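Peer 1: could you look at this predicted model? Sequence included:
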Amino acid sequence: MRKLKNSELDRLSVEAFKETEKTPLIIVLDNIRSLNNIGSVFRTSDAFLVEKIYLCGITATPPHKDIHKTALGSTDTVDWEYVENTMDLIEQLKSDNVIIASIEQAENATMLNDFKPQPNQKYALVFGNEVKGVAQNVVSASDVIIEIPQFGTKHSLNISVSCGIVVWDLFCKMGARG
């Protein structure tokens, strides 16, 4: 086996990416502190054609060198918007018939492996602060809580890792490309 060269990866141009049909997923970052995590979420969102990222509360916005370092240009491809109040955004998305899915450990959460997205439905995936998780008022307003099963001693994943796991899983379940 031979590793592929960058020129063999069939990468989309920024223009082609913007025109490509997106996966019906929106990412909501609720008060994320780490700029590297924010950049990583942009890169994951680019890889799986996420429709949009909302940066809320204290979550930093591009352009910033630490976001850029991990985003590797994906802040130019993935649509994003800053919204100060996460709850205002949640209410707006719900009024647009978007299902709000907080990624959190909570009572009556649905395990990711058991979660079945509804066909032709758009989802907003809410990822929370590295210390406190998704704010309780956002959890309470969510249509579903999705939990990533964990079996070790920590039961805690980095937010960028959590985003990668959940977005990949839903991308596959939604039958998006490949």
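Peer 2: That came through, no problem.

Peer 1: residues in contact with Gly57?
Peer 2: Contact analysis of Gly57 by Cβ atoms under 8 Å, 6 or more residues apart in numbering lists Asp30, Asn31, Glu84, Asn85, Thr86. Yep, even glycine has a C-beta here, placed from its N, CA and C like the rest.

Peer 1: how about the contacts made by the first one?
Peer 2: If a contact means Cβ under 8 Å, 6+ apart, then Asp30 has Cys56, Gly57, Thr59, Thr86, Val126, Phe127, Gly128, Asn129, Val134, Ala135, Val138 as its contacts.

Peer 1: what about the host helix or strand of Phe17, distance to the chain center?
Peer 2: Per DSSP states H and E: Phe17 is located in helix 14-19. Between the centre of helix 14-19 and the centre of its chain there are 19 Å (Cα atoms, centre = their mean, to the nearest Å).

Peer 1: do the same with stretch 134-152
Peer 2: That offset, for stretch 134-152, works out to 14 Å (Cα atoms, centre = their mean).

Peer 1: ok, stretch 65-80 next?
Peer 2: 14 Å.

Peer 1: strands of the chain, residue ranges please.
Peer 2: Using DSSP state E, the strands of the chain run over 23-30, 50-56, 80-83, 99-103, 110-111, 123-128, 144-147.

Peer 1: could you dump these to JSON lines with mean pLDDT and distance to Val41?
Peer 2: Below are the strands of the chain laid out as JSON lines (pLDDT from 0 to 100; distance: least, Cβ to Cβ, whole Å):
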{"stretch": "strand 23-30", "mean pLDDT": "98", "distance to Val41": "6"}
{"stretch": "strand 50-56", "mean pLDDT": "98", "distance to Val41": "7"}
{"stretch": "strand 80-83", "mean pLDDT": "98", "distance to Val41": "10"}
{"stretch": "strand 99-103", "mean pLDDT": "98", "distance to Val41": "12"}
{"stretch": "strand 110-111", "mean pLDDT": "98", "distance to Val41": "22"}
{"stretch": "strand 123-128", "mean pLDDT": "98", "distance to Val41": "7"}
{"stretch": "strand 144-147", "mean pLDDT": "98", "distance to Val41": "16"}
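
Peer 1: which residues sit in contact with the most centrally placed residue in the chain?
Peer 2: For the chain, Ile27 is the residue whose C-alpha lies nearest the centre (Cα atoms, centre = their mean; 3.7 Å). By Cβ under 8 Å, 6+ apart, the contact set of Ile27 is Val41, Ser45, Val50, Lys52, Ile53, Tyr54, Ala124, Leu125, Phe127, Cys163, Val167.
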